[in-house]
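Asks: task: produce atomic coordinates for the following.
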Amino acid sequence: MPTILLCFFWSLVISMFAIPSIMYVAEKKQLLNVPNNRTTHLISVPRLGGLAIFGGFVSAVMIFGKVNQDIQYLLAGCLIIFYIAIKDDLVHVSAFKKFFVQILATGILVFLGDFRITNFHGLFGIFELDNGISYAFTIVVITAITNSINLIDGIDGLAGTLLVTIMLIIASCLFFVENELPMVLVAVSMAGAVLGFLRYNFTNARIFMGDTGSLICGFVVAALLVKVVEKVPHSNSPILAMSIIFVPIVDTVRITFIRLIEGKSPFMSDKNHIHHRMLFAGLKPITIVVILSILNSVIFGLFLFLDSLTITTSFFVFVLVLLMAIFVFHFLKTKPNQE
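Replies: Numbering: from 1, shown residues only. I've put the predicted structure just below:
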C-alpha cells in the first residue's frame, strides 16, 4: 500500500508542477491549438499537457514501481507512441502514420511482451484461442481501445476524469491478483499523472492533453485491460473489461458507424461525438463530465455483480445496454442555436 500511494502522489505532483512551465513555453513559442469548426473552445490553448502526464507517469513507475519485463515492453511501446504523438501535437502527422506507429508499438507489446488475450472464457462456446488468432485479435483490440480514448477527448475535463476513473477501477480489479502489483502501480501512476493534469483542464481549460496524452493513456488502458481479461478471477472477465471503458466504446461505435454510413473516413474529426450531442442539448461541460463518469462507473458496477449469468448472456446484456445508450445519445434533442 505505501508503494501504491508513493506512485500516485509522485506522478500527481510531477504532472501538476510541470504544466505551468509547459504552458509558458507553449505560449512563448505559439504552440497553441487554434479554435476551428471542429473544436469547442473559443481561445487558443496549449495542447502539450501530455508531456506532463508522460513525465509524471514514467518517473513514478521507474522510481517506485516494480519494473519487470512486462513493464519494460509497456514503457517501450509508450515511448514509441510518445514520439509520433508529440510530433503531431507540434506540426501535425497524417492519420496513416499515427496508425502505423500504433501498430508498431502494439506489436512490441504483443509479440515481445506477450500481452495477449488467449481465452474467451466460454463466450459463444470459445475458450482457448489459437496463437495466430490470439495475436491478431489482441492487436486489433489494443489499437481500437487506444483510439477510443483519443476520440473521447473533446471537452474540458472529460477524457481526464474518465481516465482517472478507469485507472482506479483497473487498479482495484488487479490489486488482489497474485503477481500483478507491477500493473497496479502502473494504473495508479497514470491516475495520479492525469489527476495532476486535470488541475488545469477540468473547467475553463488552460491546457489540453493533446494526442501525446490521449494516445499514451489509451495505450496503457488497453494493455491493462488485457491483464484484466487474462488475470482477474471473474467468470465474465472479458465483459467486465469492456464495461470498464463503456463510455469510450459507446462513442467509438456510434461515431464510426455514422461516418461509414455517410461515406466518410472513421479517422476524420467532427463535432458529432456523444459529448458534443450533450453540449448541443444545452448541458454544461461540467455536467456532461459528471454524467458520463457516473454512467461509466455504474455500468462497471452492474457487470461486476452479474457474475451469475453465463458469459454469452452477459455479452448480449452488454450489447443491449450499449445499443440503448447509443440510441439515447443519438436522438438527444438539439436546442436552437447550439450547433
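Asks: what about the helices in the stretch 201-339 of the chain?
Replies: 210-231, 237-244, 246-261, 274-280, 285-304, 311-330 (DSSP state H, counting those that start in this stretch).
Asks: can you check the stretch 51-200 of the chain too?
Replies: Under DSSP H, counting those that start in this stretch, the stretch 51-200 of the chain gives helices at 69-91, 95-107, 131-151, 158-175, 181-198.
Asks: helices or strands up against the third one?
Replies: Packed against helix 131-151, as judged by 3 or more Cβ pairs under 8 Å, 6 or more residues apart in numbering; DSSP states H and E, are the following elements: helix 95-107, helix 210-231, helix 246-261. All C-beta atoms are positioned from the backbone trio N, CA, C, and that covers glycine.
Asks: now distance to residue 46 and mean pLDDT too, for the helices of the stretch 51-200 of the chain, in JSON lines please.
Replies: What follows is the helices of the stretch 51-200 of the chain, written out as JSON lines (distance: least, Cβ to Cβ, whole Å; pLDDT from 0 to 100):
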{"stretch": "helix 69-91", "distance to residue 46": "9", "mean pLDDT": "94"}
{"stretch": "helix 95-107", "distance to residue 46": "20", "mean pLDDT": "94"}
{"stretch": "helix 131-151", "distance to residue 46": "18", "mean pLDDT": "95"}
{"stretch": "helix 158-175", "distance to residue 46": "15", "mean pLDDT": "96"}
{"stretch": "helix 181-198", "distance to residue 46": "12", "mean pLDDT": "96"}
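Asks: quick one: contacts for residue 141?
Replies: 117, 222, 226 (Cβ atoms under 8 Å, 6 or more residues apart in numbering).
Asks: from the chain's centroid, how far away is the lowest-mean-pLDDT helix or strand in the chain?
Replies: Here the helix or strand of the chain ranked lowest by mean pLDDT, DSSP states H and E is strand 32-33, holding a mean of 78. Taking Cα atoms, centre = their mean, to the nearest Å, one finds strand 32-33 lying 22 Å from the centre of the chain it belongs to.
Asks: what comes into contact with the next helix or strand after it?
Replies: Toward the C-terminus, strand 32-33 is succeeded by strand 45-46 as the next helix or strand (DSSP states H and E). Outside of strand 45-46, the residues within contact range by Cβ under 8 Å, 6+ apart are 22-23, 26-27, 31-33, 205-208.
Asks: who does strand 45-46 pair up with?
Replies: strand 32-33 (antiparallel) (DSSP bridges).
Asks: which residues of this protein score low on pLDDT?
Replies: Along the chain, segments meeting pLDDT under 70 span 35-42, 336-339.
Asks: do that again at 50, thanks
Replies: Under the criterion pLDDT under 50, no range of the chain is flagged.
Asks: relative to residue 186, how far out is residue 143?
Replies: 19 Å (Cβ to Cβ, to the nearest Å).
Asks: of the two, who's got more company?
Replies: residue 186 (30 against 18; other Cβ atoms under 10 Å).
Asks: not counting its neighbours along the chain, what's nearest that one?
Replies: residue 61 (5.9 Å; Cβ to Cβ, 6 or more residues apart in numbering).
Asks: all set, thanks.
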